[in-house]
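Chemist: predicted model and sequence follow; I will ask about them next.
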Amino acid sequence: MKLYEKTLESKEIFSGRVLHMIHDKVELEDGSVSMREIVEHPGGVCIAALTDNNELLFVRQFRYPYKEVVLELPAGKLEKGQTPLENGKRELLEETGAKGSHYMPLGKVYPSPGYTNEIIHLYFCNIESFEKQQLDDGEFVNIERIPIDRAEEMVLNNEIPDAKTQIAVLKAAALVRKMNRQRDEL
């Protein structure tokens, strides 16, 4: 199998501030025709920032689509003209007032590949210093520090439903364990 779909027609059906919706007509590898609805998104970034006390910085914020307060790692949408890492540093500072050092990529996530092209870039860093939060207009968050081991337990116990946060916490916890083992072997 070729596992490929050829776009025959593409029509924008909605264009918003953040999202664009596209309706495509595609030809499948067997020659049949099908329709695809795609939500185009500029992408995002998520930062697992570790304090000197082995705590991750989290934010709690109201998420309107779910009508509830959600616990998440600092994150945000990508802005044009900046790399994902530059966006991550900006989001960390804006939401928590923290400046990180020794940034390490934790990979990227396709949160819902069935209908959106969004890619979320994940990073790990150590917190170097704190300044004043620089929240965007209309942005309200509470900052929490959670020990990384406890955060990992919270993910495994389904206490953190946010996918990007789950993945970044698990990867960060594995990375910290690996770095600690390497340090202990020296």
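Modeler: Thanks, I have it.
Chemist: identify each buried residue in stretch 4-17, please.
Modeler: Neighbour counts over stretch 4-17 (16 or more other Cβ atoms under 10 Å) mark no residue as buried. Where C-beta positions appear, they are placed from N, C-alpha and C, glycine not excepted.
Chemist: does residue 47 have beta-bridge partners, and which?
Modeler: Per DSSP bridges, the residues bridged to residue 47 are residue 123.
Chemist: how many other residues sit next to it?
Modeler: Residue 47: 31 surrounding residues under other Cβ atoms under 10 Å.
Chemist: I'd assumed residue 90 was in contact with it.
Modeler: No: counting by Cβ atoms under 8 Å, residue 47 does not reach residue 90; the two are 10.0 Å apart.
Chemist: where does the protein have low pLDDT?
Modeler: For the chain, no stretch is flagged by pLDDT under 70.
Chemist: skipping its backbone neighbours, what lies nearest the residue nearest the centre of it in space?
Modeler: Central residue of the chain (Cα atoms, centre = their mean): residue 46, 3.7 Å from the mean position. By the measure of Cβ to Cβ, 6 or more residues apart in numbering, the closest residue to residue 46 outside its immediate chain neighbours is residue 75, 4.1 Å from it.
Chemist: next up, the contacts around that neighbour.
Modeler: 44-47, 91, 120, 164-165 (Cβ atoms under 8 Å, 6 or more residues apart in numbering).
Chemist: most neighbours out of these, which is it?
Modeler: residue 47 (31 neighbours).
Chemist: and the gap between that one and residue 133?
Modeler: The gap separating residue 47 from residue 133 is 14 Å, by Cβ to Cβ, to the nearest Å.
Chemist: what of residue 116?
Modeler: Taking Cβ to Cβ, one finds residue 116 at 29 Å from residue 133.
Chemist: so what's residue 63 up against?
Modeler: 69-70.
Chemist: one more time with 10 Å, if that's ok
Modeler: Listed by Cβ atoms under 10 Å, 6 or more residues apart in numbering, the contact set of residue 63 reads 69-70, 72, 161-162.
Chemist: I'd guess residue 134 is in a helix, am I close?
Modeler: No: Residue 134: not assigned to a helix; according to DSSP: H, G, I helix; E, B strand; the rest coil it is coil.
Chemist: can you verify my assumption that it contacts residue 95?
Modeler: Yes: counting by Cβ atoms under 10 Å, residue 95 is a contact partner of residue 134 at 8.3 Å.
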